[in-house]
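Visitor: below are the sequence and a predicted model; questions follow.
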Amino acid sequence: MTITLRPSHARGHADHGWLDSHHSFSFADYDDPRYMGFRALRVINDDIVQPGTGFGTHGHRDMEIISYVVHGALEHQDTTGGNGVLRRGDVQRMSAGTGVRHSEYNASRQDDVRFLQIWILPERDGLPPSYEQATFPDAAKRNRLFLIAAPGGVEGALPIHQDVRVHASVLDAGVSLRHSLAPGRGGWVQVVDGSLTVNGQALSTGDGAAIQSVETITITGQTETEFLFFDLA
């Protein structure tokens, strides 16, 4: 049984003035061969974008990209025709496939926006590009593992092209959740805000943990805690 902590303070960090970003895995100028991803999970960036700024139009291909908004307003446009402003509770899924160009801007002139940018390797290259977004309110995520992205879009989740199930939760202090991993699968916990334990291992804001060779996971809130959980082939 292994639960390997990825402490918040050890993540890669880039401060561009308009963007403050922490990288759980190697990304852009942050290159650490020990942290190139976990199974199909390739990127978790915790981004804070200053008012009125953002990522200009740029391209991606052959990647499943999920944006999870924590606070603020994130304006999205892409070459599939996808567009909109995402706020807390909103999640977007973009399959870059054969190639897509997109932009992400803070839609506010007063407040920053914080979101988690997640990249997942697709099951195969050359998929047609596509975009979709959905709203998953805190009430739906309260004290449960709520599915927000999964193959085929089961249970109302956003569809992704990989054998990964992404859950979100807002967990009250003292509440425990249990999750069983099928043989050969792994898990990743990413704490957005708060503190919790995973089978007794303490994690707090910004921490992540890779879970392997574990049959049953017990996650217990130490404070009110928002987190993501990835169940990966």
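Guide: Sure, I can see it.

Visitor: how far does stretch 110-128 stretch from start to finish?
Guide: Start and end residues of stretch 110-128 are separated by 37 Å (C-alpha to C-alpha, to the nearest Å).

Visitor: what does stretch 201-217 give?
Guide: Start and end residues of stretch 201-217 are separated by 11 Å (C-alpha to C-alpha).

Visitor: now do it, average pLDDT.
Guide: Averaging pLDDT along stretch 201-217 yields 97.

Visitor: would you mark the buried spots in it?
Guide: Neighbour-count burial for stretch 201-217, counted by 16 or more other C-beta atoms under 10 Å, picks out 203, 206-212, 214, 217. C-beta: built from backbone N, CA, C; applies to glycine.

Visitor: those in strands, which ones?
Guide: Judged by DSSP state E, the buried residues of stretch 201-217 include 203, 208-212, 217 as members of strands.

Visitor: and these, which is closest to residue 225?
Guide: residue 203 (8.7 Å; C-beta to C-beta).

Visitor: distance of the closest one from residue 36?
Guide: Residue 203 sits at a distance of 21 Å from residue 36 (criterion: C-beta to C-beta, to the nearest Å).

Visitor: same check on residue 42?
Guide: Residue 42 sits 8 Å away from residue 36, going by C-beta to C-beta.

Visitor: tell me how many other residues surround the residue lying closest to residue 125 once chain neighbours are set aside.
Guide: In space, and not counting its chain neighbours, residue 125 is closest to residue 62: 4.5 Å by C-beta to C-beta, 6 or more residues apart in numbering. For residue 62, the count of nearby residues is 15 (other C-beta atoms under 10 Å).

Visitor: what do you get for the one 3 residues further on?
Guide: Under the neighbour criterion other C-beta under 10 Å, residue 65 is assigned a count of 21.

Visitor: got the phi and psi for the closest residue to it other than its chain neighbours?
Guide: Using C-beta to C-beta, 6+ apart and skipping residues adjacent in sequence, the residue nearest residue 65 is residue 94, 4.6 Å away. Dihedral pair for residue 94: phi -130, psi 120, per degrees, to the nearest 10.
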